[in-house]
Each structure stands twice: as structure tokens, then as C-alpha cells.
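Asker: Turn this into a structure:
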Amino acid sequence: MTWIGIAQILVFFLIVLAVTKPIGIFMFRVFEGERTFLHPVFHPLEKLIYRLGGVREEVEQSWVSYSASLISFSIFSFLAVYLIQRLQGHLPLNPMRFSTSNAPSFATPMTPDLAYNTAVSFMTNTNWQSYSPDTTMSYLTQMAALVVQNFVSAAVGMAVAIAIIRGFARHTTKSIGNFWADVTRSTLYVLLPIAVISTLFFVSQGSIQNFKGPVTATTLEGASQVIEQGPLASQLAIKMLGTNGGGFFNANSAHPYENPTPLSNMFQMVLIFLIGAGLTYTFGKMVRDTRQGWAVFGAMAVLFFIGVFVCYWAEQRGNSMLSAAGLEHTYTGAQPGGNMEGKEVRFGIAQTSLFATVTTDASCGAVIGMHDSFTPIGGLVPLFNIQTDEVIFGGVGAGIYSMLIYAVIAVFIGGLMVGRTPEYVGKKIEQKEVKMAIIAVLATSLVILGFTALSSIVPFAKGGYWNAPGPAAANTNNGGAHGFSEILYTFSSGAGNNGSAFAGINANTPWYNLTLGLDMLIGRFLFIIPALAIAGSLANKKIIPTTSGTLPTNGSLFVVLLIGTVVIVGALTYFPALSLGPIVEHFQMLNGKLF
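Answerer: Alright, predicted model coming up:
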């Protein structure tokens, strides 16, 4: 590792640290219904939306009603996106004539299973893309379906986070807020203003924003190159801010239109962490103890630093086999060298490793490098980040409510160790809360490991030999441990609502489109619903006064306990699968075998 690379990582984190409190205070005021500097602009629009939707913002909901509203809204979102995709050939703003008889030969057909997968993906804030966006989606589909979902799926995550925080903050009540008001305020006061400013910034850096069709350019070699255009900057802003990650181009944030400069690259990473970090401070403000929020932030920060420096070390160290062949230079202290395969050459190993860590710490999934080309240990980091249920700052809203689920488990374990009833921010953690937390954690691991196993099955062939490819294993670019990692990463990304990929799988098949759709649905809703049940249960409890026997949850001891819970639960759950993938691949690499 180089000092310049380390400095870049530290500068990024210091920026995130600096914006955490201001954005956290602002969101606290928004969701508490207090007046902000944006009220003169957006409050009349907010009231109009309530009138048009028949929403009474002052009428709050129980966790059951809140969940029902969330599910109904999600179903409507899914149907809207699905229909727009299927009908895009008959709709305007389609200069490439996708989904028509005059579509280019390289266009991807919008099949029912692909439309289903994409609709589920954007509705769940996953943005998994089994297609190349610039050869599949019309401008109208990109804007009216995908960009809209980038806003509302992020707003749903924020609403759930605030509802769960209210469960911890309130007492002796059955209500945890109004879902429709929370989604509206998330969109109007937080996501929309920041996205507009970010869009203008990206345009100033060189991103495009137009409705023109593709142009043909002549390269230096005299060949013709088709350059796609379109309304990119507006989608870019919300895909980062909302931790969505679905790009306008197949190269995602490695495309110079999506990421023109080093400054835009840094800004994109800050956007990914912005709301997730800010919500930790919002949590502290709402429970009336900001040290609680900083403790959660501290646990997230430690996990972030462990991941980024392990990934950076592995990629900078490089591949010993390629070094022996003279194809790359192993880091010696004076020679940076390292594994440049799959890296964004404009930004280097440090920035690419940082981006890979940030995008998988959060449920973003945008990429500037191909994780499939990382070293085995370097690729293990983004994979394990996702498998922690995206608790390391995490997705918009999803990070804080996922970490609070782990906090419930952590104080339960701590209570068992000292023989006391576990408590967290003044609430007793009892049987119901622990059961719901375990259901949430197990749901994601069940679908990740279950679908990975099914996709890796090799059918029993005639003669008693396992020699026929399974339904999905045949679509991997690599065999052996790396091919298994590609499948494991795919379903981890889906259940973790991340959307990034090892880029080694042909995912646009009925098998992947259908199973990944279920993977994303279960990973989203079987985590959210138990979390809301915990919120409802906690909101109905009384505040327990702190005593000398209460386990402090706002100090370094709890930070260590929380980190240990996340790591141990993840290690115990996924270690066997990781041993079959990146871990064994690392030892095979050391013994002279590559995939």
C-alpha cells in the first residue's frame, strides 16, 4: 500500500464524518415535523400530495398498518415498472426503437422474465441488471420507471428506518408513524434537493443530460464507434444518493460519462454513505442520546476500515503467479505495482478498492472495477460486506435498521453473559424482539445459501457420475472455486439488495431472472417486516431507568460487542460457503492454480 492511497481513503472518511452531524440533524427535523429552510419551497407541495392521495399525515399507524401500506405501495411500484418495460416499444422517447421490429440487432429483447426481474430489482432498491441498459431500455423507461423507483425505493428504506427508530424512542404507544408521510418527506426534503444539486454538479464535471440519440464517431484507427447519449446525469445522482447503483451504461461508474473526473469519483462515494451515516446521528437525536448514534457510527466505521484496508492490501500486493511471470510487480515499498486487472486505470488501485468497499458496505452496487478480476482475498471483502446484511453504513435506511437488528442480538448475547435482562436505549429486549431479529437474519442467509446450492447442483447423470452442468452453473465464466464464488456473489448481492456482480455470469436466463427475483423479494421484505414488528413491540413498552447493572450501549465496550456480533454471525453463517469459494481459491493461487 502507498501513503497516497492511504491518504485518499482517510480524506474520504473525514468528509463523511464531517457531513454526518449536519445531515443527521436535518433529517431529525424533517421526520419530527419541524420547520426547515426547505419548508417555504416544499411544504405546499407536500400538502398538495396529501390532498391528492387522501393522506391524513396526523393519523399514525401501528406496525401492522405501516407494513400493509409498505407492501401495497411496493406491489403498485412493481406493476408500474413491469408494464412500462413491456410496453416501451409503443411509448415515446425511444430513439433506438427498443422492443420493436426495427430494434438494432444488438438490442436485448424485453422478455417477461427479464421485465419481472428488473421490476423486482428496482422496487427492492437492488438495481440488479441482467441486461445492458444502453441496449435494452428506452429513455422513457429509464426515467419514468427506473429513476422514479430509485427515488421511491430509497424513500421506503428511509421510512422504515425512521419507523424503527421511533420504536426505540417512543414508549407506551402502538403507533410508529405514518408510512405515506414518511415516504413523502423522505423524497421531497431529502432525496430530491440533494439529487438536483448533485445532477448539476455531475453535468459540470462532464456527464451528459439530453434526449439525443446515439452518434457515430471515427476512432484514431479509422474505425466507427457508436456513442450512446441520453438523460444520464439525473439518474446518476439518485442512483448514488439512494444507494441504488443501476447505471445508465453497462460499464456503470467506470464509463467516462457516468464518472468523468477524480472529483466526481470522490463525490459519488460520499453520496453513497451520506444518508446512511447521517441516520446514525438522527437515531441518537431521536432517542435523546447522541452518544448512542455515535456508538453505532463507530461500529460501522471500524468495519469499514477493516474491509477497505484488507481489500487495498490484497489488490496492491497483487498475484504472486503473475509477478513470477513478470506480468506485474508485487509491492515492495518502492514499486507500487499490484493487481491492475479489472481496475479503473484513471483512478488506480486505491480508489478502485475504496469504491468496491464503499459500494458493498452500502447496498449501492455501482462499480468502477470488475470485482470478478480482484484477487481472491480482495474479492472476499465486497462479498462478505454484502453478507453482513449491509450494516456498514448500508443502504439508505437499510443500514441503520439492519445494524439496530444486530444491536438487539448483541445486547441479548451480552445479557446472557452477565445474567441480566438485556436492555437497549431504555427498552427491555425480550423474547419477541429476539425472535424477530433472528428471523430477519436467517431469512437472508437461507435464500443466499439455498439458491447458491440449487444453482450449483450437478444433476446425476447416467452411469452414476456427476458430470452434467446444473441449471445455472453452466452460465459461469470460470470453473472451480471461482465459478462457485460467482454464483455465491450473485445471490448474496440479490438478497442483500446490493446489485453489484462478479460480472462472470450470464444472468439473463429464465433461471436467474426468476430465482434472483425471489432472492431479492425475500431479502427485502423478510428483513423489513420483522424489523417493523420489533419497532411496534418496543414502542408499546415503558422506558426502563438506567441502573448500575445496565449494560452501557453508548461506549467502546458496546461498539466491540456489536462488531463482534456482526462478524461472528456472518462468519458462522457463511464461512463454509466462503471456504469453498474465495478462501480455497486463495490457497490454490498460492499453489500455482488460477481460474
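
Asker: how would you label the spatially most central residue of the chain: helix, strand or coil?
Answerer: Centroid-nearest residue in the chain: Ser363, 0.8 Å away (criterion: CA atoms, centre = their mean). Using DSSP: H, G, I helix; E, B strand; the rest coil, the structure places Ser363 in coil.

Asker: excluding its backbone neighbours, what's nearest it?
Answerer: Computed as CB to CB, 6 or more residues apart in numbering, the closest residue to Ser363 that is not its neighbour in sequence is Gly395, at 3.3 Å. C-beta: built from backbone N, CA, C; applies to glycine.

Asker: do the same with Phe527
Answerer: Ala440 (4.6 Å).

Asker: Just the element for the one you found, please.
Answerer: helix 431-456 (DSSP states H and E).

Asker: and that helix, what does it pack onto?
Answerer: In terms of contacts (3 or more CB pairs under 8 Å, 6 or more residues apart in numbering; DSSP states H and E), helix 431-456 is packed against helix 398-418, helix 480-495, helix 510-539, helix 556-578.

Asker: ok, now with 10 Å
Answerer: Here helix 431-456 touches helix 376-387, helix 398-418, helix 480-495, helix 510-539, helix 556-578, going by 3 or more CB pairs under 10 Å, 6 or more residues apart in numbering; DSSP states H and E.

Asker: now these in JSON lines, with distance to Asn244 and mean pLDDT?
Answerer: Below are the helices and strands packed on helix 431-456 laid out as JSON lines (distance: least, CB to CB, whole Å; pLDDT from 0 to 100):
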{"stretch": "helix 376-387", "distance to Asn244": "15", "mean pLDDT": "92"}
{"stretch": "helix 398-418", "distance to Asn244": "12", "mean pLDDT": "89"}
{"stretch": "helix 480-495", "distance to Asn244": "13", "mean pLDDT": "89"}
{"stretch": "helix 510-539", "distance to Asn244": "13", "mean pLDDT": "93"}
{"stretch": "helix 556-578", "distance to Asn244": "24", "mean pLDDT": "89"}
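
Asker: Which one of the ones you listed lies nearest to Glu58?
Answerer: With CB to CB as the measure, helix 510-539 is the member of those nearest Glu58 (17.2 Å).

Asker: surely Val566 meets Ser402?
Answerer: Yes - between Val566 and Ser402 a contact is recorded at 9.4 Å, counting by CB atoms under 10 Å.

Asker: what bits of the stretch 1-150 of the chain have low per-residue confidence?
Answerer: Within the stretch 1-150 of the chain, not a single segment meets pLDDT under 70.

Asker: What segments of it are strands?
Answerer: Shown for the stretch 1-150 of the chain, no strands are assigned by DSSP state E, counting those that start in this stretch.

Asker: just the helices in it please.
Answerer: For the stretch 1-150 of the chain, the helices defined by DSSP state H, counting those that start in this stretch cover 3-31, 39-53, 63-87, 112-123, 139-140, 148-169.

Asker: Buried residues of the longest one, list them for me.
Answerer: Using 16 or more other CB atoms under 10 Å as the test for burial, helix 3-31 gives 5, 8-9, 12-13, 15-16, 19-21, 23-31.

Asker: follow-up on the earlier one: how about the helices and strands packed on helix 431-456 in JSON lines, adding distance to Phe304?
Answerer: Shown next, in JSON lines, are these (distance: least, CB to CB, whole Å):
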{"stretch": "helix 376-387", "distance to Phe304": "9"}
{"stretch": "helix 398-418", "distance to Phe304": "11"}
{"stretch": "helix 480-495", "distance to Phe304": "18"}
{"stretch": "helix 510-539", "distance to Phe304": "21"}
{"stretch": "helix 556-578", "distance to Phe304": "11"}
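
Asker: just to revisit the earlier point, what comes up buried for the helix holding Ala440?
Answerer: Across helix 431-456, burial judged by 16+ other CB under 10 Å covers 433-434, 436-441, 443-452, 455-456.

Asker: if we can go back for a sec, burial measure for the residue nearest to Ser363, as a count.
Answerer: For Gly395, the neighbour count with other CB atoms under 10 Å is 32.

Asker: so how far is Phe151 from it?
Answerer: Counting by CB to CB, to the nearest Å, the separation of Gly395 from Phe151 is 14 Å.

Asker: swap in Ile75?
Answerer: Counting by CB to CB - Ile75 and Phe151 are separated by 18 Å.

Asker: which of the helices of the stretch 1-150 of the chain sits most buried?
Answerer: helix 148-169 (a mean of 26; mean count of other CB atoms under 10 Å).

Asker: What helices and strands are in contact with whatever helix or strand comes next after that one?
Answerer: Counting by DSSP H and E, the next helix or strand C-terminal to helix 148-169 is helix 179-185. When contacts are defined as 3+ CB pairs under 10 Å, 6+ apart, helix 179-185 packs onto helix 3-31, helix 39-53, helix 63-87, helix 148-169.

Asker: other SSEs contacting the second one?
Answerer: Spelled out, it's helix 39-53. helix 3-31, helix 179-185, helix 192-205.

Asker: what's near enough to touch Tyr406?
Answerer: Contact analysis of Tyr406 by CB atoms under 10 Å, 6 or more residues apart in numbering lists 296, 299, 388-389, 391, 437, 440-441, 562-563, 565-566, 569-570.

Asker: where's Ala217, which helix or strand?
Answerer: strand 215-218.

Asker: That strand packs against which elements?
Answerer: Partner elements for strand 215-218 (3+ CB pairs under 10 Å, 6+ apart): strand 224-227.
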